[in-house]
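K.L.:
curious how this folds, go ahead:
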Amino acid sequence: MAQANDAPHEPLKTRKVPMTLRKSSILLLFCLGGPLWLPGQDPGVAPPTPEAPALADVARAHRDAIVSSSRVDTSHADLEFRAVFFPDTLRWRLLSEYLQGVEKKEGAKEIEERLALARKKWKKTSGRPGFEITLTPTGPRALKREEPRTMHFFPGDPAKLIVAQLGKKKITWDPMEAPQGLSRGRVRVALYSTVKGGQSIPYIRELEPKGPRLISDGRNGSMLGALPKALAKKGGQTLSLRLTNFDRFRGPSPEPNLIDLNANESVFERGLEVELERPWPPPWPPFPAALAELFGEKSAEQTSEKSAAPSTTSK
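P.N.:
Here you go, the predicted structure:
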């Protein structure tokens, strides 16, 4: 009797192999002696790479890193003071100008023109560390003249207002532009009274010592300065900025730059001083190579390529 396994064999039928297996097998063969692709990826297609961050994002991140690494804050009554130090005044100004152009949604040509003007204006500050002091009022702002308001009066010359010192040695610094957000004018004082035309009126005179002052009247203000270039190579000491000899008034101001000291609620403090200090130098972040070309500089790669290129000068 015939055995079951002695039955005649049926012709072999071709089995359909899933395409994914075939492709995987092909990829495996290439892995043994050719390029490596991910499973299921067509040959000749490069693996995806993460997109580089937008240039504006690089600029914002660099600005924020400088601020967080070097800022110093203090306050007096209802005015906050902040100092930010940066390693290169020219780069800081270019960074600020570029981001202003981005925020205003300017085109590439407009931003390049903006940067070209800034490079020309701030060229001499290249390599000089610097600082920016911002003033932020924190008290309620008076909307009407008859309402009490807070005003601060600073010396009209910023160089006489801010005293810079490294360790125990005073250092010179240069104002880079007119203070922003601060008005400039002479301050008048209504004090006591006098008789004029048979009537008693306030006696008004100019605040002593006479002369124009920088006036903070409820708005944010800022001052920018460049430090000596030699300071970039010094360290291990404390750098301080002292704002000296300024005044604070709280009370009625019936006219611009006129303070009423006859009112019972008026408070007038004179000869005030605040100090902003930190170890020098701050731990600034490295300068991003992506910003070099934008700021009209050569990147490290371009510099190395130029130095490595063979000279064609005939001997």
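
K.L.:
and the strands in the stretch 51-200 of the chain?
P.N.:
72-76, 79-86, 130-137, 149-155, 162-166, 169-171, 174-175, 183-185, 188-196, 199-206 (DSSP state E, counting those that start in this stretch).

K.L.:
quick one: mean pLDDT over the fifth one.
P.N.:
What strand 162-166 shows for mean pLDDT is 96.

K.L.:
in its sheet, which strands sit next to it, and in what direction?
P.N.:
Taking DSSP bridges as the criterion, strand 162-166 forms sheet pairs with strand 169-171 (antiparallel), strand 237-251 (antiparallel).

K.L.:
what are the buried residues along the longest one?
P.N.:
Within strand 237-251, the residues that count as buried by 16 or more other C-beta atoms under 10 Å are Leu239, Ser240, Leu241, Arg242, Leu243, Asn245, Phe246, Asp247, Arg248, Phe249, Arg250, Gly251. C-betas here are computed from N, CA, C, even on glycine.

K.L.:
and the angle from that strand to strand 130-137?
P.N.:
Calculated by axes from the mean of the first three to the mean of the last three C-alpha atoms, to 10 degrees, strand 237-251 forms an angle of 30 degrees with strand 130-137.

K.L.:
tell me the first helix or strand C-terminal of strand 237-251.
P.N.:
Later in the chain than strand 237-251, the nearest helix or strand by DSSP states H and E is strand 258-260.

K.L.:
show me what that following strand is packed against.
P.N.:
Judged by 3 or more C-beta pairs under 8 Å, 6 or more residues apart in numbering; DSSP states H and E, the packing partners of strand 258-260 are strand 188-196, strand 237-251.

K.L.:
quick one, the longest one and strand 79-86 angle?
P.N.:
Here strand 237-251 runs at an angle of 150 degrees relative to strand 79-86 (the same axes, to 10 degrees).

K.L.:
rewinding a little: how about the strands of the stretch 51-200 of the chain, which one is nearest Phe295?
P.N.:
The minimum distance between Phe295 and those falls on strand 79-86, with 13.5 Å, by C-beta to C-beta.

K.L.:
adjacent strands (with direction) for that closest one?
P.N.:
Strand 79-86 pairs in its sheet with strand 72-76 (antiparallel), strand 130-137 (antiparallel), by DSSP bridges.

K.L.:
any chance of the ones you listed in CSV, plus distance to Lys160 and mean neighbour count?
P.N.:
Putting those into CSV (distance: least, C-beta to C-beta, whole Å; neighbours: other C-beta atoms under 10 Å) gives the following:
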stretch, distance to Lys160, mean neighbour count
strand 72-76, 19, 14
strand 130-137, 14, 21
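
K.L.:
dump the ones you listed to JSON lines, plus distance to Ser96 and mean pLDDT.
P.N.:
Formatted as JSON lines, the strands paired with strand 79-86 follow (distance: least, C-beta to C-beta, whole Å; pLDDT from 0 to 100):
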{"stretch": "strand 72-76", "distance to Ser96": "19", "mean pLDDT": "95"}
{"stretch": "strand 130-137", "distance to Ser96": "9", "mean pLDDT": "97"}
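
K.L.:
can you lay out these as a markdown table showing distance to Ile171?
P.N.:
Listed next are the strands paired with strand 79-86 as a markdown table, based on distance: least, C-beta to C-beta, whole Å:
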| stretch | distance to Ile171 |
| --- | --- |
| strand 72-76 | 17 |
| strand 130-137 | 11 |
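
K.L.:
just to revisit the earlier point, please tabulate the strands paired with strand 162-166 in JSON lines, including the columns mean pLDDT.
P.N.:
Below are the strands paired with strand 162-166 laid out as JSON lines (pLDDT from 0 to 100):
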{"stretch": "strand 169-171", "mean pLDDT": "95"}
{"stretch": "strand 237-251", "mean pLDDT": "96"}
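
K.L.:
any idea of the mean pLDDT in stretch 270-282?
P.N.:
Averaged across stretch 270-282, pLDDT comes to 96.

K.L.:
in that stretch, what counts as buried?
P.N.:
Leu272, Leu276, Trp280, Pro281, Pro282.

K.L.:
again with stretch 214-229
P.N.:
For stretch 214-229, the buried set under the neighbour-count rule, 16+ other C-beta under 10 Å, comprises Leu214, Ile215, Ser216, Asp217, Gly221, Ser222, Met223, Leu224, Gly225, Ala226, Leu227.

K.L.:
out of the helices and strands packed on strand 258-260, flag the one nearest Thr74.
P.N.:
Here strand 237-251 is closest among the helices and strands packed on strand 258-260 (C-beta to C-beta), at 9.5 Å.

K.L.:
no more questions from me, cheers.
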